[in-house]
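Colleague: Pasted the sequence and its predicted model underneath.
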Amino acid sequence: MFEKIKQLKNLRDQAQQIKSALEQEVVEGTAHAGSVRIRMNGNQEVLATEIDSTLIDLQKKDELQNAVADATNDAIRKVQQVMASKMRDMGGFPGM
């Protein structure tokens with residue numbers, strides 16, 4: 001029983017270490033030839049959004065909305081790659 005509790009505590013500690021390490025990682029997702037940029041940390045929190053002023057036009061609203069979604073998804077894909085790499089580097093979770 002105590003061994004299971006110890007393993008659970010170790011898993012929790014390892015998860016916290018991974019979360020802390022991922023918080024330090026920053027990726028940038030881009031779309032629309034770089035005119036929309038999303039910076040995100042490894043915990044998938046958006047840190048900054050940059051939009052080129054040429055896209056800020058009511059007639060280009062749909063284009064801008066699509067570009068923001070594309071840049072966000074690009075950043076999320078990059079974060080997932082960083083997460084997988086950190087998990088491998090830190091030994092992953094035991095038993096998985």
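Modeller: Yep, it's here.
Colleague: Return the distance of stretch 11-21 from the chain's centre.
Modeller: 16 Å (Cα atoms, centre = their mean, to the nearest Å).
Colleague: Hmm, I typed the wrong one, I wanted stretch 23-34.
Modeller: So, by Cα atoms, centre = their mean, the centroid of stretch 23-34 is 9 Å from its chain's centroid.
Colleague: And that stretch, end to end?
Modeller: For stretch 23-34, the first-to-last residue distance is 24 Å (Cα to Cα, to the nearest Å).
Colleague: can you check stretch 19-34 too?
Modeller: 29 Å.
Colleague: Quickly note the distance from S35 to D74.
Modeller: S35 sits 13 Å away from D74, going by Cβ to Cβ, to the nearest Å. Every C-beta, even on glycine, is put in place using the N, C-alpha and C of the backbone.
Colleague: Quick check: neighbours shared by those two?
Modeller: Counting by Cβ atoms under 8 Å, 6 or more residues apart in numbering, S35 and D74 have no contacts in common.
Colleague: Next, V26: phi, psi?
Modeller: Reported as degrees, to the nearest 10, the phi and psi values for V26 are phi -130, psi 130.
Colleague: An error on my part: the question was meant for I56.
Modeller: According to degrees, to the nearest 10, I56 has phi -90, psi 90.
Colleague: ok, now the one 5 residues further on?
Modeller: Listed backbone geometry of K61 is phi -60, psi -50, with angles given as degrees, to the nearest 10.
Colleague: For burial, what's the neighbour tally of it?
Modeller: Close neighbours of K61, defined as other Cβ atoms under 10 Å, add up to 11.
Colleague: Which parts of this protein are helices?
Modeller: 2-24, 61-89 (DSSP state H).
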